[in-house]
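Trainee: sequence-free structure coming up:
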Ligand SMILES: Nc1nc2c(ncn2[C@@H]2O[C@H](COP(=O)(O)OP(=O)(O)OP(=O)(O)O)[C@@H](O)[C@H]2O)c(=O)[nH]1
């Protein structure tokens, strides 16, 4: 009964149709860095007063409309729009779950690493998290070459608790919002000229998750852009190459990257990423082992987040099958309805 209600609600939210697909984003980092707070902020747009310590894993679900309608706020969707779910798997950072948390590293499309700007070691340990996820996870639409710790999917790094760090004088970034926006990155191809990994030092703004939620001024667009890129990679990567501000050839990336270094050269980032060509044409690459061994995902939802059955044989939308979809993939990010 409950699920049927839930299903109806979800359908209503989606304008009646089933979602076209879903992407799974793992959210990892040391215990207490603020993962649950961030997921709450992303999904609900508000802060949570006292988040309980995560037991095992909780899943937040964000609904995204991916398409090219004119309006981003209207609930009436155009023909060429599709609904997607973004699952945010918030994995407990507590040592207690160390031995079993790899259960949650299944069919991952992307990873959000979170650290606490006031606790330097939480940033250093991201490398360990990357290695753990890379070693024991399975991946959906993996990259052609591996990132930090061998991680084969795109990621972002989020520095949280900027308010605490600012008070303690440990914060590295100025907190200027333009700078913050510029620091938002997705993994693929950013490091063509540098071994340094760009970090999103001050998500979700200079005051951290709580202040950002209160003031509703976190860089939602950058997060949505990351999700959108994952949707595109998973469902629309057969499209023709298009100029893409995030683009760069995967071949230009160094083979190994570190997660605990600062990105300092923003100009080189913008130059390097202004190259054209779609880096997400991974269908042309041989599949990674993880891609070959796609097993059905475990039904581990602590909260059942979506109304559709898990379906990993969802068709990839190709330009030949659906020309309007290929054009939606080129739509501007302002077209996203969140
Ligand atoms: N001052 C401040 N506190 C924050 C911020 N973000 C989260 N917190 C607090 O930090 C504590 C831990 O936050 P959680 O979101 O539970 O951290 P977590 O990473 O999910 O922790 P685990 O569930 O143990 O893995 C909570 O008391 C939050 O209210 C922030 O930006 N600033």
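Mentor: That came through fine. Note that the structure is predicted; figures quoted are calculated from it, not measured. Numbers count the residues shown, from 1 in each chain.
Trainee: output the below-cut-off pLDDT ranges for the protein.
Mentor: Scanning the chain for pLDDT under 70 picks out the ranges 1-17, 68-79, 169-219, 238-338.
Trainee: quick check: residues of it near the ligand?
Mentor: 29, 31-37, 50-51, 53-54, 92-94, 160-161, 163-164, 208-210 (CB under 6 Å from any ligand atom). To be clear about C-beta, it is placed using only N, CA and C from the backbone, and glycine gets the same treatment.
Trainee: for PyMOL, write a command that selects the buried ones of those residues.
Mentor: Per 16 or more other CB atoms under 10 Å, the buried members of the residues of the chain next to the ligand correspond to this PyMOL selection:
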select buried, resi 29+33+34+35+36+37+51+54+92+93+160+161+163+164+208+209+210
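Trainee: the residues of the chain next to the ligand in strands, which ones?
Mentor: residue 160 (DSSP state E).
Trainee: share the number of residues neighbouring residue 140, please.
Mentor: Counted with other CB atoms under 10 Å, residues neighbouring residue 140 total 21.
Trainee: report the separation between the nearest residue to residue 152 once chain neighbours are set aside and the ligand.
Mentor: Leaving aside its sequence neighbours, residue 152 sits nearest to residue 142 (CB to CB, 6 or more residues apart in numbering; 3.9 Å). Separation of residue 142 from the ligand (CB to the nearest ligand atom, to the nearest Å) stands at 26 Å.
Trainee: do residue 60 as well
Mentor: For residue 60, the distance to the ligand - CB to the nearest ligand atom - is 11 Å.
Trainee: now the helix or strand hosting that residue: buried residues?
Mentor: For residue 60, the element it lies in under DSSP states H and E is strand 57-66. Residues 57-66 are the ones in strand 57-66 that count as buried (16+ other CB under 10 Å).
Trainee: over to stretch 91-106?
Mentor: 91-93, 97, 101-102, 104-106.
Trainee: one step back: just give me the closest of the buried residues of strand 57-66 to residue 117.
Mentor: Of all the buried residues of strand 57-66, residue 117 sits closest to residue 60, with 22.3 Å by CB to CB.
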